[in-house]
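Enquirer: Got a predicted model here, sequence first, then my questions.
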Amino acid sequence: MARIKVPRLETQRLVLRGWKRHDAGALYEYAKNPNVGPNAGWKPHADVRESRMIITQMFQQNTTWAITVKPGCGLDGPADVPIGSIGFEPDAYRPNINSREMGYSLNQDYWGQGVMTEAARRLLRYGFEELSLASVMIRTGESNQRSQRVIEKCGFHYEGTLRQCYRMYNNEIRDSRVYSMLREEYEELSSLWMTST
Ligand SMILES: CC(C)(COP(=O)(O)OP(=O)(O)OC[C@H]1O[C@@H](n2cnc3c(N)ncnc32)[C@H](O)[C@@H]1OP(=O)(O)O)[C@@H](O)C(=O)NCCC(=O)NCCS
């Protein structure tokens, strides 16, 4: 399969760039944590090999970015080492519309510092301004209040809860809270966001 190249995107504190094969160690570092993957619907990684496989067969085949920190930005961490992932997939609910579903996850050491809100706003800007998207959809579990807060802070609209619609990696079936942002809503919001985020 052809590898998708994503452009490098910057925010005040972050650099979003494509995933590389040699990022497997950094991905495994946070993807082995049972507090991360299961909240996003996926199984914790078993070893670095599995993380490498996810990079080459999933991240590099989709519009998925590695989140890295800028040195001296106030977030602790080495430059150019992934601390999370964010990306777009086709929006399964709007197959004939230029719409994408956003998904993300973050190393637990960095939770609660506004990292994902900053990354998600940058991706929304890229999606609406560079990909000319008509809308962006995101969904999350009822119990994932951290993600719900990120979604609210980005300005998505809550559309409703699809009951018993999401099968987890362990076969557990969950409800999904579904949110979306339309192009005109983005245009109104983006003028309120700082240009660097
Ligand atoms: C969801 C996730 C990406 C959030 O990233 P983050 O960088 O910590 O998010 P932010 O710091 O931008 O915002 C988190 C918000 O949740 C709030 N929060 C933290 N703990 C919370 C809790 N237990 N209940 C409710 N809100 C909580 C924070 O206070 C913050 O809101 P605030 O800015 O109003 O104070 C991260 O927790 C994660 O990777 N979780 C596991 C994977 C996952 O759930 N992916 C999403 C699947 S839809």
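Expert: On my side now, so go ahead.
Enquirer: okay, CA-based contacts and neighbour counts for the rest of this
Expert: Fine.
Enquirer: The chain: helices as residue ranges?
Expert: 24-31, 37-40, 48-57, 115-129, 145-154, 183-190 (DSSP state H).
Enquirer: buried residues in stretch 150-162?
Expert: 150-151, 154-158, 161 (16 or more other C-alpha atoms under 10 Å).
Enquirer: Stretch 60-78 now?
Expert: Buried residues in stretch 60-78, counted by 16+ other C-alpha under 10 Å: 60, 62-70, 77.
Enquirer: Among these, name the ones in strands.
Expert: Among the buried residues of stretch 60-78, the subset assigned to strands under DSSP state E consists of 63-69.
Enquirer: hang on, the earlier thing: what two of the buried residues of stretch 60-78 are the furthest from one another?
Expert: Farthest-apart pair in the buried residues of stretch 60-78 is 62 and 77; separation 26.0 Å (C-alpha to C-alpha).
Enquirer: Next one: the nearest residue to residue 135 once chain neighbours are set aside from residue 174, what distance?
Expert: In space, residue 135 comes closest to residue 182 once its chain neighbours are excluded; the distance is 4.3 Å by C-alpha to C-alpha, 6 or more residues apart in numbering. For residue 182, the distance to residue 174 (C-alpha to C-alpha, to the nearest Å) stands at 26 Å.
Enquirer: Could you single out the nearest of the ones in strands among the buried residues of stretch 60-78 to residue 119?
Expert: Closest to residue 119, out of all of those and judged by C-alpha to C-alpha, is residue 67, at 7.6 Å.
Enquirer: Which positions in the protein make contact with the ligand?
Expert: 36-37, 39-40, 104-106, 111-117, 139-140, 145-147, 149-150 (C-alpha under 6 Å from any ligand atom).
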